Structure formats: structure tokens, C-alpha cells
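Engineer: let me see the structure of the following:
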Amino acid sequence: MAHSEEILHFLRGSGNAYCDDCLSERLKIFPRQAVNRAARKLFAEGKLLRRKGDCAGCYKRKLVNQIKL
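Structural biologist: Presented below is the predicted three-dimensional model:
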């Protein structure tokens, strides 16, 4: 499964917003920049929201990724 598909699948299942760092840890995608590249691509395709918000993984206010409804 491609990184983009893994990210979408995880976010759909969780219903929450996660930062790139937490997605990298939870999905075991390394380096973290691979998550960043995939998430930016999904955002450009209109499949993902990337916004400043609270991460459901680390509870920090960061740039988070959330499934676009």
C-alpha cells in the first residue's frame, strides 16, 4: 500500500486530526518527511485538510492532517 493510501485509511478510521510526526510513528513510515510529502500531495488533490490544530496523538497545537469530508 502506498504511503498516501495508508494515511487516508488511517485518518478515515480514526476520524481525528494528526500531525506528520504522529502519523509517521503510528504508521511506521520513515523518514517523517515521507509523510509530509504524501500529505501535501493529498492536500493538493483535495483529499485531505492540512490546518493548524490540536493533534489527537501528541495533543500539541501543530499543523495537522484531517480527512476531507
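Engineer: what about the protein, any weak spots by pLDDT?
Structural biologist: Applying pLDDT under 70 to the chain flags no residue at all.
Engineer: in it, which spans are helices?
Structural biologist: 3-14, 20-27, 32-44 (DSSP state H).
Engineer: remind me what the longest one packs against, helices and strands.
Structural biologist: What that stands for is helix 32-44. Counting contacts by 3 or more Cβ pairs under 8 Å, 6 or more residues apart in numbering; DSSP states H and E, helix 32-44 packs against helix 3-14, helix 20-27, strand 48-54, strand 61-67. From N, CA and C alone the C-beta is placed, and that goes for glycine too.
Engineer: the second one to strand 61-67, inter-axis angle?
Structural biologist: Between helix 20-27 and strand 61-67, the angle comes out at 50 degrees (axes from the mean of the first three to the mean of the last three Cα atoms, to 10 degrees).
Engineer: returning to that earlier point: can I get the helices of the chain in a markdown table with mean neighbour count and distance to residue 53?
Structural biologist: Output for the helices of the chain, formatted as a markdown table (neighbours: other Cβ atoms under 10 Å; distance: least, Cβ to Cβ, whole Å):
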| stretch | mean neighbour count | distance to residue 53 |
| --- | --- | --- |
| helix 3-14 | 16 | 13 |
| helix 20-27 | 20 | 12 |
| helix 32-44 | 17 | 14 |
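Engineer: identify whichever of those helices lies nearest to residue 60.
Structural biologist: helix 20-27 (8.8 Å; Cβ to Cβ).
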